[in-house]
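1. give me a model of this one.
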Amino acid sequence: MDVLKEIRTEIDSVDGELIKLFAKRLALVKKVGEVKHQHGLPIYVPEREADMLAARRQEAEKIGVPADLIEDVLRRFMRESYTSENHFGFKTVNPDIKKIVVVGGNGKLGGLFVRFLGLSGYTVEILGRQDWQRAEHILANTDVVIVCVPIANTLDTIKRLQPYLTPNMLLTDLTSVKRQPLQKMLEVHHGAVVGLHPMFGPDVASMAKQVIVRCDGRYPERYQWLLEQMAIWGAKIYQVEAAEHDHSMTYIQALRHFSTFANGLHLSKQPVKLANLLALSSPIYRLELAMIGRLFAQDGGLYADIILDKPENLAVIESLKDSYVESLKFFETGDKQGFIDTFNQVSQWFGEYSDLFMKESRQLLQQANDHRQHD
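-> Below is the predicted model of the structure:
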């Protein structure tokens, strides 16, 4: 035991040195953030990140240190770096913009964009639900109007803005559905229009590596600066037609949210205790439970609006029910081979993505297991 104590004391000493090195690296990152702010450089540069990780992995392997360990540590450092670099603000891409109004800027997602636009040097005002009697004053001399309200209120809000819109204004929205909002914006406004959909929640600490969907409307040359501004924040801008976007969201959002809701509803009706499930769960099942529980920690109205957005959503959900019935029949009839054959067909459909998803999920499971605590 004395020997073990001695070794542990030495480990504690090494950990102290590591903390000092971490502090030194973070100080250097701070300088990087200052330089990026001064020169208007983007927060996230994928080529630099990939090259740096590859070089550090090779160096680690040469001295017998697991390359995955070094990559894990460095990726955590980079995540911290991207967040800390926000504190220095961002270059103002278009200094001619005098004022931006975020309709719904008191909400979580709207507030996130209010903050990032403010960090980029723009004057930002909020038009909340209680402010419409002052709308003319708030929207006067405005260059950009961003609509960020619940889906169910989006079309009415866009229509309500019409009397205050001037041809020089840029009108955009941050709604998770795009076809109808974009159509309505083009209908009520004759100036520049673009539909945007941030593919992330309001709890992100940084926009680095986050995706923002872009659905073009009118006069793209007038909103190119806004896309460049978001790219400086670290976001990736993904261009797609509004109809194609909404079709994809049927599967990415509506189907997934419904199936998650149904799983949670089913669990809540079972004679089980959640604490027992967690205690006995494997890392993968715990992660699945976490994703279900995450849904119910948020706003049910938002998910109801997403699912109810269009008939296509319900049709696809109906087909999910059919797939459940089809899958259950394999076991009701004892058709093991039929299940295996169908399993292999689905595996072929996923193709090479199966290996990619296996790798990604393994990393998630390792992180989830690292944070697991036993009473």
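2. which neighbouring elements make contact with the helix-or-strand element of the chain with minimal mean pLDDT?
-> Scoring the helices and strands of the chain by mean pLDDT, DSSP states H and E places helix 353-370 at the bottom, with a mean of 78. When contacts are defined as 3 or more Cβ pairs under 8 Å, 6 or more residues apart in numbering; DSSP states H and E, helix 353-370 sits against helix 283-295. To be clear about C-beta, it is placed using only N, CA and C from the backbone, and glycine gets the same treatment.
3. hmm, who's touching the helix it packs on?
-> 257, 260-261, 263-264, 267, 274, 277-278, 281, 303, 361, 364-366, 368-369, 372 (Cβ atoms under 8 Å, 6 or more residues apart in numbering).
4. so how do I select the buried members of the residues you listed in PyMOL?
-> A single PyMOL command selects the buried members of those (16 or more other Cβ atoms under 10 Å):
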select buried, resi 257+260+261+264+303
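5. scan the protein for its longest helix.
-> helix 2-39 (DSSP state H).
6. buried sites along that one?
-> So for helix 2-39, counting by 16+ other Cβ under 10 Å, buried means 29, 33, 36-37.
7. measure how far the least confident helix or strand of the chain is from the centre of its chain, please.
-> 18 Å (Cα atoms, centre = their mean, to the nearest Å).
8. what do you get for stretch 32-40?
-> Relative to its chain's centre, stretch 32-40 lies at 24 Å (Cα atoms, centre = their mean).
9. and it, what's its mean pLDDT?
-> Taken as a whole, stretch 32-40 carries a mean pLDDT of 78.
10. what about dumping the CA coordinates of it to CSV?
-> What follows is stretch 32-40, C-alpha atoms only, in CSV (Å, rounded to 0.1, in the frame of the first residue of the first chain):
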residue,chain,number,x,y,z
VAL,A,32,-5.4,33.1,-31.5
GLY,A,33,-8.9,34.4,-30.8
GLU,A,34,-7.6,37.9,-30.6
VAL,A,35,-5.8,37.6,-34.0
LYS,A,36,-8.9,36.1,-35.6
HIS,A,37,-11.1,38.9,-34.3
GLN,A,38,-8.7,41.5,-35.6
HIS,A,39,-8.5,40.0,-39.1
GLY,A,40,-12.0,38.7,-39.4
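11. what does it rub up against?
-> Contacts of stretch 32-40 (Cβ under 8 Å, 6+ apart): 41-43, 81, 84-85, 87-91, 93, 232.
12. can I get those residues in TSV with distance to residue 17 and neighbour count?
-> As requested, the contacts of stretch 32-40 are exported to TSV (distance: Cβ to Cβ, whole Å; neighbours: other Cβ atoms under 10 Å):
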residue	distance to residue 17	neighbour count
41	32	15
42	33	17
43	29	24
81	21	21
84	22	16
85	26	24
87	27	11
88	28	16
89	33	14
90	35	24
91	37	17
93	42	19
232	36	21
